[in-house]
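>>> Make a model of this:
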Amino acid sequence: MTPQAVEALFTRGDGRYLFARWGRPIAPVVFGVAEETLATVKGACEAVVALAGHKMAETDPELGANLMVFFFREWGELLETPNLERLVPDLGPLVARLRVAGANQYRFFRFDEGGAIKAAFVFVRMDDELSTLPAETIALNQMVQTILLWSDTAFTDRGPLARTPDGTLVLRPEIAGVIRAGYDPVMPAMAEDASHALRLAARMGAVQ
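Numbers count the residues shown, from 1 in each chain. All right, here's what the predicted structure looks like:
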């Protein structure tokens, strides 16, 4: 990928560059799915975390679970989830906006003092569109989009996944490269200057 293409992945709709990765091991919990789907979601999380060279944990010492994934049918169900409004600010207005927009997914992040990701909340509304997709596709897509703080426009035109000629679901190689470079120990956990994209592109070249 060119440095410009990498920069676009972390340049938000308002023109601001912002990169962040997880600063602590990821301790996931999944709500609203059957046991077999739970294994699929956690398997996708393990695969993406391994790709990044990051770590998982059974629990987070501060939060218990720091990656919460919710599957549901209607946005209003979130308002019935006990204590969720304490974790996600302005939950009521957020649900109202997502409902009006007809959204089927949303990700909310919390950050530590250094700007690294310390928690994420993934909301997936299983509408008619998502209900036609295999569980592995949904799970892998969500985990890829949660492992880094991508731009809100990063995957508008093209998602992070692809299928090989034999139908196997895979992560696009260039996106995998960005994830690996983003978690390189020499790279910062958070960056707000677009020059960071040049360093990411250089790290991708070094790995290849």
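>>> Arg73: neighbour count?
11 (other Cβ atoms under 10 Å). For glycine as for every other residue, the C-beta is placed from the backbone atoms N, C-alpha and C.
>>> Pretty sure it sits against Asp128.
No - applying Cβ atoms under 8 Å as the test, Arg73 and Asp128 come out as separate, 10.8 Å apart.
>>> From the contact counts, what lies against the biggest strand by length in the chain?
In the chain, ranked by residue count with DSSP state E as the criterion, the top strand is strand 117-125. Applying 3 or more Cβ pairs under 8 Å, 6 or more residues apart in numbering; DSSP states H and E, we find strand 117-125 packed against strand 67-72, strand 105-111, helix 135-147.
>>> ranges for the strands of this structure?
With DSSP E as the criterion, the chain has strands spanning 19-20, 28-31, 67-72, 105-111, 117-125, 161-163, 169-171, 190-191.
>>> Surely Arg12 is in contact with Trp150?
No - Arg12 lies out of contact with Trp150 (Cβ under 8 Å); the separation is 9.5 Å.
>>> the more surrounded of these two?
The neighbour count for Arg12 versus Trp150, taken as other Cβ under 10 Å, is higher for Trp150 (23 against 14).
>>> So the more buried one sits against Val6, correct?
No - applying Cβ under 8 Å, one finds Trp150 not in contact with Val6, separated by 11.2 Å.
>>> contacting residues for Val100?
By Cβ atoms under 8 Å, 6 or more residues apart in numbering, the contact set of Val100 is empty.
>>> Touching stretch 166-184 from outside, list them.
1, 5-6, 9, 19, 21, 48, 51-54, 134, 136-137, 140, 144, 147-148, 160-164, 187, 200-201, 203-204, 207-208.
>>> Buried ones in it, by neighbour count?
For stretch 166-184, the neighbour count (16 or more other Cβ atoms under 10 Å) marks 171, 175-184 as buried.
>>> before we move on, what about stretch 51-68?
Neighbour-count burial for stretch 51-68 flags 51-52, 54, 60, 65-68 (criterion: 16+ other Cβ under 10 Å).
>>> which non-adjacent residue is nearest the spatially most central residue of the chain?
Centroid check for the chain by Cα atoms, centre = their mean gives Thr146 as the closest residue, at 1.3 Å. Excluding the flanking residues, the one nearest Thr146 by Cβ to Cβ, 6 or more residues apart in numbering is Ala120, at 5.1 Å.
>>> Brilliant, that's me finished.
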